[in-house]
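>>> 3D, please:
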Amino acid sequence: MNAGLTVLEPGALTTVQDRGRLGLAHLGVPRAGPLDDRAADLANRLLGNPPEAAVLEVTLGEFSARAGRGHWVAVTGAPCPVVVDDAPAAHAEAVWVPAGAVLRVGRPRTGVRSYVAVAGGFDVEPVLGSRSTDTLAWVGPPRIGEGTELPVGRPAGEPHGHDTPRPSGRSPLRVTPGPRDDWFGADAVHRLCAAPYVVEADSNRVGLRLKGTALEWRRKGELPSEGMVLGAVQVPPNGQPVVFLADHPPTGGYPVIGVVRREDLWQCGQLRPGDEVRFMPDPPLDRPWAARG
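Reported below is the predicted structural model:
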């Protein structure tokens with residue numbers, strides 16, 4: 001029997017994620033990593049793992065796995081039922097799963113993605129220096145399926161009884177204008193921030209697709225393909241913005257009106273289709289030093 005965890009139900013989409021595959025964009029390789037990095041970091045802290053330990057990102061719950069031997073685990077992120085065999089267990093706390101017991105992660109009440117960490121981290125084979133799964137090109141460990149056996153590394157520290165997570169309330173996404181805001185009218189950033197957008201159903205780990213006020217190009221023609229960064233707000237010809245997330249392509253050909261602050265992107269990983277999201281200029285556009293020539 002696998003001494004780690006054997007997956008019984010994989011849910012809609014479960015992948016292994018660590019801090020990502022950095023520094024390979026020039027080779028066309030996306031970064032990957034957890035969409036809600038705050039939740040992933042919390043899960044590792046609860047178990048005494050280093051921040052780079054690999055966790056599972058579970059989309060909309062309905063995940064279960066059997067422990068081959070006893071393990072400390074933690075489930076964080078979207079608030080959801082956690083059950084060990086038939087006993088309810090704590091969310092966002094270290095939980096003991098005895099040998100042979102089944103850990104179940106239910107459907108979250110709010111949010112989208114839950115994170116399952118185990119003391120020692122999931123010791124799957126790294127690909128290009130990372131254990132993260134990229135869903136754009138499917139670089140990294142394969143997506144988790146029924147029967148997947150997940151090896152576990154050696155614990156590096158002691159689990160903690162609890163940890164104080166940061167406030168999780170939703171707030172506007174702070175966006176710094178540029179680098180291609182000159183492709184839009186002078187009031188485009190104001191328009192982006194003036195009214196809420198609605199999350200579209202085809203949003204995924206690549207990008208948060210939004211519907212709302214259309215942002216029209218004022219230039220004609222095509223923009224040459226150029227490098228994209230995490231959090232870039234790209235605007236295709238239909239004028240509806242897309243926020244690039246962890247599995248975004250390294251390059252793109254549509255203008256980027258702004259870039260969302262890194263600290264705010266965790267919210268994008270927990271937004272469901274139909275949820276509203278707002279933007280806020282960073283820094284505020286009414287400050288003198290924020291004026292653009």
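>>> return the distance of the residue nearest the centre of the chain relative to Ala67.
Against the mean C-alpha coordinate of the chain, by Cα atoms, centre = their mean, the closest residue is Leu35 at 0.7 Å. Separation of Leu35 from Ala67 (Cβ to Cβ, to the nearest Å): 26 Å. All C-beta spots, glycine's among them, are computed from the backbone N, C-alpha and C.
>>> what's near enough to touch Cys80?
Applying Cβ atoms under 8 Å, 6 or more residues apart in numbering to Cys80 gives the contacts 61, 91, 105-109, 114.
>>> now Thr110
Thr110 touches 78-79, 270, counting by Cβ under 8 Å, 6+ apart.
>>> can I get those residues in TSV with secondary structure?
Below are the contacts of Thr110 laid out as TSV (DSSP: H, G, I helix; E, B strand; the rest coil):
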residue	secondary structure
Ala78	coil
Pro79	coil
Gln270	helix
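>>> on that earlier part again, I figured the residue nearest to the centre of the chain was touching Cys268, is that so?
Yes: contact criterion Cβ atoms under 8 Å: Leu35 and Cys268 qualify, at 6.6 Å.
>>> can you give me the strands in the stretch 51-200 of the chain?
For the stretch 51-200 of the chain, applying DSSP state E, counting those that start in this stretch gives strands covering 55-59, 63-67, 71-77, 82-84, 87-89, 95-97, 102-105, 113-118, 149-150, 173-177, 197-199.
>>> out of those, flag the one nearest Arg143.
Judged by Cβ to Cβ, the one of the strands of the stretch 51-200 of the chain that comes nearest to Arg143 is strand 55-59, at 10.3 Å.
>>> adjacent strands (with direction) for that closest one?
Applying DSSP bridges, strand 55-59 is found paired with strand 13-17 (antiparallel), strand 113-118 (antiparallel).
>>> turn the ones you listed into a markdown table, columns for distance to Pro241 and mean pLDDT.
Converted to a markdown table, these look like this (distance: least, Cβ to Cβ, whole Å; pLDDT from 0 to 100):
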| stretch | distance to Pro241 | mean pLDDT |
| --- | --- | --- |
| strand 13-17 | 24 | 98 |
| strand 113-118 | 21 | 98 |
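>>> how about Pro81, nearest residue that isn't a chain neighbour?
Take Pro81 and drop its neighbours on the chain: the residue closest to it by Cβ to Cβ, 6 or more residues apart in numbering is Gly106, 3.5 Å away.
>>> count of neighbours near that neighbour?
By the criterion of other Cβ atoms under 10 Å, Gly106 has 20 neighbours.
>>> next up, the contacts around it.
By Cβ under 8 Å, 6+ apart, Gly106 lies in contact with 61-62, 80-83.
>>> alpha carbons only: can I get stretch 92-105 in PDB?
Extracted C-alpha coordinates of stretch 92-105, given in PDB (Å, rounded to 0.1, in the frame of the first residue of the first chain):
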ATOM      1  CA  ALA A  92      -7.600  25.700   8.600                       C
ATOM      2  CA  GLU A  93      -6.100  23.700  11.400                       C
ATOM      3  CA  ALA A  94      -3.700  20.700  11.600                       C
ATOM      4  CA  VAL A  95      -5.600  17.500  11.600                       C
ATOM      5  CA  TRP A  96      -4.400  13.900  12.300                       C
ATOM      6  CA  VAL A  97      -5.400  11.300   9.700                       C
ATOM      7  CA  PRO A  98      -4.700   7.800  11.000                       C
ATOM      8  CA  ALA A  99      -3.400   5.000   8.800                       C
ATOM      9  CA  GLY A 100      -6.200   3.600   6.600                       C
ATOM     10  CA  ALA A 101      -8.500   6.600   7.300                       C
ATOM     11  CA  VAL A 102     -10.200   8.500   4.500                       C
ATOM     12  CA  LEU A 103      -9.900  12.300   4.300                       C
ATOM     13  CA  ARG A 104     -12.800  14.000   2.600                       C
ATOM     14  CA  VAL A 105     -12.900  17.600   1.400                       C
END
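>>> in that stretch, what counts as buried?
92-95, 97, 101-105 (16 or more other Cβ atoms under 10 Å).
>>> return the member of those residues nearest to Asn238.
Minimum distance to Asn238 across these is 36.4 Å, recorded for Val105 (Cβ to Cβ).
>>> could you list the domains of this structure?
Listed domain ranges for the chain are 5-150, 173-290 (source: automatic domain parsing).
>>> turn these into JSON lines, columns for distance to Gly157.
Shown next, in JSON lines, are these (distance: least, Cβ to Cβ, whole Å):
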{"stretch": "domain 5-150", "distance to Gly157": "3"}
{"stretch": "domain 173-290", "distance to Gly157": "24"}
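>>> ranking the ones you listed by burial, who's on top?
domain 5-150 (a mean of 20; mean count of other Cβ atoms under 10 Å).
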